[in-house]
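In: Could you look at this predicted model? Sequence included:
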Amino acid sequence: MRRYSTLVYVVLLLAFFSSAPWSVKGSSQCKQINSGEIRPHSVTITEFGAVGDGVTLNTKAFQNAIFYLNSFADKGGAKLFVPAGRWLTGSFDLISHLTLWLDKDAVILGSTNSGDWPVVDPLPSYGRGRELPGGRHRSLIYGQNLTDVVITGDNGTIDGQGTIWWNWFRSKTLDYTRPHLVELMNSTGVVISNLTFLNSPFWTIHPFYCSHVIIQNVTILAPLDSPNTDGIDPDSSEDVCIENCYISTGDDLIAIKSGWDEYGVLFGRPSRNITIHKLTGHNLFGSGIAIGSEMSGGVSEVHAENIYFFNSSTAIIIKTAPGRGGYVRNIYISDVTLSNIDTAIRFYSNFSEHPDDHYNRSALPTVERITVKDVRGDSIKVAGLLEGIEGDNFLSVCILNVTLKLWRKDRQMFQIVTNTIYQIIFGTQEFEREILGCILDHIAERMMPSIRG
């Protein structure tokens, strides 16, 4: 039987891509690491009284072990070995020149008692807790002002046991913002690799004000209906490389951030030089790769390629809003494969959450030099939805060599809404004009035969 499906070609910049003066280039390969590098000193968590029965609380054991290992920080560093077992714990701090190593059958379990996750001050670039005014619960594994810290193992597991936190969120009985599973702040030389992360109460891995971060060969899982369980959120960080990861969560798989409204503008620390390579995953309510919406400190030089998203809401999204300020520029995403996606490419420019009423409503984000190329997909509902901001300019947006089979031939393709100046190279025509709720007629739509038995 012969059937027909709609094949949408979005072809921009048919000339050599290298001729575009605003295209972003650079290596998408992460530096090869040896996370199993031998530290000269090593201890096992059981030496400090830990019991891996899944019931005994081992917070003190982790804290005491790391306090002891701190004496070796200037002697080549040390390794804390977590053997097979189920090791229940509350929040604990890491130190510099430390390797936290989990055996294959080791599981670190987050306590279900909120009192075991201390409340700390809000991040200065957010001004308050992300969910509620005031402080926030500290992550299960935390570190601040560190150098040379490794969290790795032989495919061990860190499980936040987030169900109770999700229930408190849904019932609106939280007193403070939920904790992340892993958060490192003001740190450099960070490696997270060869582990599985489960059921984070909030965002899973959150490098914040960090540099030279490698996240490699990790699996991140949470139920598809779990609220705000982002996978990896680089935040006001630079030189971050994410490679060979599988993520399936209840929100964005990767979200690049840099502060919230006036607090992010004042703090002024951007996220830049972010590399994403070989990422696979899906979700129901978030996106595959998101920039923002907290991007007030700026996001630039993002290079992502070899991406596969399936059974998801949105593949690629830039989230901004009036009041954010900041910028998103020099973004390059290529070699993307999609299957069963609601919206392939989206600019969402009215993300209405703000920390308070003191933000500058005239602070408009700068969005420029965005390149998305070599995208192919099937069972796509909407190829693209580009929403701008009245009075703002989104410039030098290049969408090149996109081939999508729509889920139904009467579905929308690319649509641009609200009064915004877009400068897009589309086909062989360059245009710069106001667009109001119009569907672009520059898309070449063809009916192509599809042979099925």
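Out: Here it is on my side, so go on.

In: D116 touches F62, doesn't it?
Out: No - in this structure D116 lies outside contact range of F62 using C-beta atoms under 8 Å: 11.3 Å. C-betas here are computed from N, CA, C, even on glycine.

In: out of these two, which sits in the more crowded spot?
Out: Shown here are D116 and F62; by other C-beta atoms under 10 Å, F62 has more neighbours (24 against 17).

In: center of this protein - which residue?
Out: Per C-alpha atoms, centre = their mean, the C-alpha nearest to the average position across the chain is that of I254, at 2.0 Å.

In: between D116 and F62, what contacts are shared?
Out: Contact criterion C-beta atoms under 8 Å, 6 or more residues apart in numbering; residues bridging D116 and F62 by contacting each: T89.

In: for the stretch 201-350 of the chain, what spans make up the strands?
Out: Along the stretch 201-350 of the chain, counting by DSSP state E, counting those that start in this stretch, strands occupy 205-208, 211-216, 219-221, 238-248, 254-256, 271-282, 287-291, 299-319, 327-348.

In: Which strands or helices does the fifth one pack on?
Out: In this case it means strand 254-256. Counting contacts by 3 or more C-beta pairs under 8 Å, 6 or more residues apart in numbering; DSSP states H and E, strand 254-256 packs against strand 271-282, strand 287-291.

In: any weak-confidence spans in the stretch 301-450 of the chain?
Out: Applying pLDDT under 70 to the stretch 301-450 of the chain flags residues 408-450.

In: got a markdown table for the strands of the stretch 201-350 of the chain, with distance to G384 too?
Out: Converted to a markdown table, the strands of the stretch 201-350 of the chain look like this (distance: least, C-beta to C-beta, whole Å):
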| stretch | distance to G384 |
| --- | --- |
| strand 205-208 | 29 |
| strand 211-216 | 29 |
| strand 219-221 | 27 |
| strand 238-248 | 23 |
| strand 254-256 | 19 |
| strand 271-282 | 19 |
| strand 287-291 | 13 |
| strand 299-319 | 9 |
| strand 327-348 | 4 |
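
In: Identify whichever of those strands lies nearest to H41.
Out: Distance to H41, taken as C-beta to C-beta, is lowest for strand 211-216 among the strands of the stretch 201-350 of the chain, at 23.0 Å.

In: Identify whichever of the strands of the stretch 201-350 of the chain lies nearest to N393.
Out: The nearest among these, by C-beta to C-beta, is strand 327-348 at 11.7 Å.

In: I242 versus H303, what's the distance?
Out: 11 Å (C-beta to C-beta, to the nearest Å).

In: Looking at the two, which is more packed in?
Out: A count of neighbours by other C-beta under 10 Å puts I242 above the other of H303 and I242, at 28 against 22.

In: partners of that one in the sheet?
Out: I215, I276 (DSSP bridges).

In: Surely the residue nearest to the centre of the chain and E243 touch.
Out: No - the pair I254 / E243 is not scored as a contact, 11.6 Å apart, by C-beta under 8 Å.

In: All the helices of this protein, residue numbers only.
Out: Remark: helices assigned in the chain by DSSP state H are 59-69, 163-170, 261-267.

In: okay, these, which one's buried deepest?
Out: helix 261-267 (a mean of 22; mean count of other C-beta atoms under 10 Å).

In: how far out from the middle of the chain is that one?
Out: Taking C-alpha atoms, centre = their mean, to the nearest Å, the mean C-alpha location of helix 261-267 is offset from the chain mean by 20 Å.

In: mind giving me TSV with the helices of the chain and columns for mean pLDDT and distance to D105?
Out: Output for the helices of the chain, formatted as TSV (pLDDT from 0 to 100; distance: least, C-beta to C-beta, whole Å):
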stretch	mean pLDDT	distance to D105
helix 59-69	98	18
helix 163-170	98	22
helix 261-267	96	42
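
In: Distance to R376 for these - can I get that in TSV?
Out: Shown next, in TSV, are the helices of the chain (distance: least, C-beta to C-beta, whole Å):
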stretch	distance to R376
helix 59-69	46
helix 163-170	35
helix 261-267	35
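
In: how about those helices, which one is nearest I247?
Out: helix 163-170 (17.6 Å).

In: For that closest one, which outside residues touch it?
Out: Contacts of helix 163-170 (C-beta under 8 Å, 6+ apart): T112, S114, E131, L174, R178, P179, N199, P201, F202, S226, P227, N228.

In: so what's the nearest residue to the last one once chain neighbours are set aside scoring on pLDDT?
Out: Beyond its immediate neighbours in the sequence, the residue positioned closest to N228 (C-beta to C-beta, 6 or more residues apart in numbering) is D251, lying 5.1 Å away. Turning to D251, the model gives it a pLDDT of 97.

In: Point out the most buried one among the helices and strands packed on strand 254-256.
Out: strand 287-291 comes out most buried of those by mean count of other C-beta under 10 Å, with a mean of 27.
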